[in-house]
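Asks: Provide a 3D model corresponding to the input given below.
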Amino acid sequence: MAALRRSSTGNDRLNLAGAVDNEIESGVPNATTLLRFADAVVGRYADLPERREALRTELGAAAVVDAVGVIANYQRMVRIADGCGIPLDAPTVEASADFRDELGVYAYASAANTPS
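Replies: Numbers count the residues shown, from 1 in each chain. Have a look, this model is predicted:
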């Protein structure tokens with residue numbers, strides 16, 4: 001999340017809570033369609049083909065490829081970190097302290113794999 005915050009520097013209208021709650025307006029263009037697609041990919045929802053088509057219709061075929069690449073890369077990085085038990089480094093702990101609790105990151109099952 002700290003990387004997300006840094007990547008949005010200067011864009012005060014983004015709301016990180018929208019990344020974990022589809023009902024919250026994130027400020028990201030086309031967020032509803034993107035989140036519905038990501039949820040379907042990660043959750044292996046039966047309506048994945050319809051959500052993929054909605055994304056393609058709204059943003060184009062290249063956006064589908066980009067979205068799949070981001071989802072796959074994130075999943076890969078999380079699995080590596082979980083498997084190794086990689087703790088957050090001190091700068092990340094400090095930079096993310098104000099929103100980790102707010103976003104409920106400790107409620108995710110993978111939080112148990114990270115040593116304190």
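
Asks: Which stretches in the protein count as strands?
Replies: Per DSSP state E, the chain carries no strands over any range.

Asks: what residue ranges in it are flagged as low confidence?
Replies: The model of the chain has pLDDT under 70 over residues 1-12, 115-116.

Asks: mind listing what R13 touches?
Replies: G27 (Cβ atoms under 8 Å, 6 or more residues apart in numbering). Yep, even glycine has a C-beta here, placed from its N, CA and C like the rest.

Asks: Check the gap between it and P49 for me.
Replies: Remark: distance between R13 and P49 (Cβ to Cβ, to the nearest Å) = 32 Å.

Asks: same thing with L35?
Replies: For L35, the distance to P49 equals 17 Å [Cβ to Cβ].

Asks: neighbour-wise, which of these two wins?
Replies: Per other Cβ atoms under 10 Å, whichever of L35 and P49 has more neighbours is L35, with 18 against 10.

Asks: My read is that that one contacts E23, right?
Replies: No - using Cβ atoms under 8 Å, L35 makes no contact with E23, being 10.1 Å away.

Asks: By residue count, what's the longest helix in this structure?
Replies: helix 61-84 (DSSP state H).

Asks: from the chain's centre, how far out does that helix sit?
Replies: 9 Å (Cα atoms, centre = their mean, to the nearest Å).

Asks: I would like the residues contacting that helix, please.
Replies: 34, 37-38, 41-42, 52, 55-56, 86, 110, 113-114.

Asks: Can you tell me how far the spatially most central residue of the chain is from A61?
Replies: Nearest to the geometric centre of the chain sits A19, at 5.7 Å (Cα atoms, centre = their mean). Distance of A19 to A61, computed by Cβ to Cβ: 24 Å.

Asks: got it, and V70?
Replies: In terms of Cβ to Cβ, V70 sits 15 Å off from A61.
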